[in-house]
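Trainee: Provided below for reference: sequence and predicted model.
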Amino acid sequence: MQRLWRSLKTWPDWTGWAQCGAIAALGLCLLAAVAFPTGVAHWQPHWADWPSRLARVMLVPAFTEELVFRGLLVPSRGESSRPSRWIILSLALFVTWHVVEALTFLPGAHLFLTLPFLHCALILGIACAGMRYLGGSLWPAVLFHGVVVFLWQAAFGGPDIAQLLK
């Protein structure tokens, strides 16, 4: 719990933000390279009610998932002699979580069971874990996760929660 609390109270310094920005840029390129050719993402703008949608995705999934998968599990630099074990565990659980969601309480989340989507979830998880580890804070990962999901839903054909619950 101390790790989680520290990650919430910490804000990256300028170097940390720069590292997180580089990770975000690389993560977005990798996501695009997987999502567009496989159909996980395609241009389908839907900007109606965007402030509400942004607020919702920043809370769920961004904040809640980052709290669990990066805040509790991924250490900051110097907090663990074996950070790779924690990062790999967080990635395995994060990807598995999306399968569990699709098989249990999100009946419309068939896309979550496809390999291209799971590859995208893995890329997102790696980027967020890298931000958490290098920056020492949970907030860059929350911001990145939220912006990615928001853009996917608002501009690139991703399902919103109402569609996932159908």
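Mentor: Perfect, thanks for sending it.

Trainee: how many other residues sit next to residue 58?
Mentor: 17 (other C-beta atoms under 10 Å). (C-beta placed from N, C-alpha, C; glycine too.)

Trainee: and it, what does it touch?
Mentor: Residue 58 is in contact with 142, 146, 150, counting by C-beta atoms under 8 Å, 6 or more residues apart in numbering.

Trainee: need those in a markdown table with pLDDT and neighbour count, can you?
Mentor: Compiled in a markdown table, these are given as follows (pLDDT from 0 to 100; neighbours: other C-beta atoms under 10 Å):
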| residue | pLDDT | neighbour count |
| --- | --- | --- |
| 142 | 98 | 25 |
| 146 | 98 | 22 |
| 150 | 98 | 19 |
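
Trainee: Switch these over to a markdown table; also include secondary structure and distance to residue 118.
Mentor: Formatted as a markdown table, those follow (DSSP: H, G, I helix; E, B strand; the rest coil; distance: C-beta to C-beta, whole Å):
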| residue | secondary structure | distance to residue 118 |
| --- | --- | --- |
| 142 | helix | 21 |
| 146 | helix | 20 |
| 150 | helix | 20 |
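
Trainee: Please dump the residues you listed into CSV; it should also carry distance to residue 45 for every row.
Mentor: Listed next are those as CSV, based on distance: C-beta to C-beta, whole Å:
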residue, distance to residue 45
142, 24
146, 18
150, 13
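
Trainee: Looking at these, spot the one nearest residue 62.
Mentor: Ranked by distance to residue 62 (C-beta to C-beta), those are led by residue 146 at 3.4 Å.
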